[in-house]
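Chemist: output the structure for:
(4 chains)
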There are 2 protein chains.
Amino acid sequence: MPHPSPTTGNQTAQESNKDLEIESIDFFVRMMSMLGMPRSVGEIYGLLYFSTTPLPMDQIVSRLGISLGSASQGLKTLRSLKAVRTSYVPGDRRDHYLAETEFRRLFANFIKEEIMPHMESAKERIQRMEDSLSGTDEPTAEFYQIRIEKLKKLTRAGGRLLPALAGLLKF
Amino acid sequence: MPHPSPTTGNQTAQESNKDLEIESIDFFVRMMSMLGMPRSVGEIYGLLYFSTTPLPMDQIVSRLGISLGSASQGLKTLRSLKAVRTSYVPGDRRDHYLAETEFRRLFANFIKEEIMPHMESAKERIQRMEDSLSGTDEPTAEFYQIRIEKLKKLTRAGGRLLPALAGLLKF
DNA sequence: TGCTAATTTCATTTTTTTTTGAAAACTTTG
DNA sequence: CAAAGTTTTCAAAAAAAAATGAAATTAGCA
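Modeler: You can find the predicted model right below:
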């Protein structure tokens, strides 16, 4: 089973603990998929999470057996979530990636980037509901108004609670 | 545009406010999809949410233009989330569905049913990580131990916070 | 500046998820 | 208990999402 260190001769630390790595990848693949992220994103983060050294993309590709495209795309996603960052390695032209492991920050970022924008458009949609209701004076108008009010409360609660969530995480 | 009441002659209240209905469906389709639910589930809930009367499945089918299979499957999902319930309508053999609108309860249920089971298996996976680490005495063992500890804290925090979340929703 | 390694992009393919629709399984009632 | 109405199930089709890989782009270095 040939698995030589592709460019740099640096692999000793990661060579062992294959089991750990596998469990980690498994763990994050599931975790990420709960958050609606594709498999490859979980795999990459899981690999980096237990890596003692920053890894260049081509090592991520060869170790995970995924394509260059997936790796590039996945790293882009992880970067935008601030879940990985690059670290400079002298004498190596490639970017080396490192997992960001402060979950509180990661979580806060996820909510801000992925959830809150939806809350905004939800509010607009509710506004449109009210507009479509105004001018109606049928007997059921009150029923609709109550339902709309519930949605408002829901989005209001969400809009306040979600950003506060990360702060509640007492890691 | 033929749209006769299929079996019962009861449609007056819903006939109007098509706009409201459309916005509602749109709203819940997006909301549900954020929670990983298929489109049809959001459509059904969105329709029922602004319906002044309980609706039988065949009306859900014809109003949304989805298949019987989707409707049956979607209602099953919504039932299991306690997001809809059936109400008895005298002289009608069909089940009539009603949206459950207490979001706090819905949310609590969602967390219990859809999220917590994953937390459990996450804990098992972390346990396996620790097992695979024991017996190693390489210099990097401490690094791994710290990472594992972080995961433990994460799942612990999640396991406590998530169930408490619904309680925090001050609707 | 020109050359090459590294990375990104994106049309295509593959995989996964969702929907459909028709058959099977119930259920009520005449 | 049969017939008609209702609901569920599930194999197949359709749609959506993700992965691939090769071409295009970018960036580092001589």
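Chemist: what's the helix or strand containing residue A:46 packed up against?
Modeler: Take DSSP states H and E as the rule and residue A:46 turns out to sit in helix A:39-49. In terms of contacts (3 or more C-beta pairs under 8 Å, 6 or more residues apart in numbering or on different chains; DSSP states H and E), helix A:39-49 is packed against helix A:18-34, helix A:57-64, helix A:68-80, strand A:84-87, strand A:96-99. Any C-beta I mention is one placed from the backbone N, CA and C, and that applies to glycine too.
Chemist: quick check: buried residues in the second one?
Modeler: Using 16 or more other C-beta atoms under 10 Å in any protein chain shown as the test for burial, helix A:57-64 gives A:57, A:59-61, A:63-64.
Chemist: do the same with stretch A:153-170
Modeler: So, applying 16+ other C-beta under 10 Å, buried residues of stretch A:153-170: A:154-155, A:157-159, A:162, A:165-166, A:169.
Chemist: dump the residue contacts of residue A:80.
Modeler: Applying C-beta atoms under 8 Å, 6 or more residues apart in numbering or on different chains, we find residue A:80 in contact with residue A:113.
Chemist: so is stretch A:117-133 next to DNA strand D?
Modeler: No. In terms of C-beta under 7 Å from any atom of the strand, no part of stretch A:117-133 sits within range of DNA strand D; the closest distance is 14.0 Å.
Chemist: what is the mean pLDDT for that stretch?
Modeler: Averaged over stretch A:117-133, pLDDT sits at 93.
Chemist: what residues does that stretch touch?
Modeler: Outside stretch A:117-133, the residues that reach it (C-beta under 8 Å, 6+ apart) are A:141, A:144-145, A:148, A:151-152, A:155, A:158-159, A:162, B:17, B:19-20, B:23-24, B:26-27, B:30-31, B:34.
Chemist: among those, name the buried ones.
Modeler: A:144, A:148, A:151-152, A:155, A:158-159, A:162, B:17, B:20, B:23-24, B:26-27, B:30-31.
Chemist: ok, which pair from the residues you listed is furthest apart?
Modeler: Pairwise distances across those (C-beta to C-beta) peak at 30.2 Å, for the pair A:162 and B:17.
Chemist: quick check, pLDDT for residue A:29.
Modeler: For residue A:29, the predicted pLDDT is 98.
Chemist: now do the one 5 residues further on
Modeler: Here, the pLDDT recorded for residue A:34 equals 96.
Chemist: I'd guessed it sits against residue B:116; true?
Modeler: No. Taking C-beta atoms under 8 Å as the definition, residue A:34 is not a contact partner of residue B:116, at 11.4 Å.
Chemist: what residues does chain A put near DNA strand D?
Modeler: Going by C-beta under 7 Å from any atom of the strand, the residues of chain A near DNA strand D are A:36-41, A:65-70, A:73-74, A:91, A:93.
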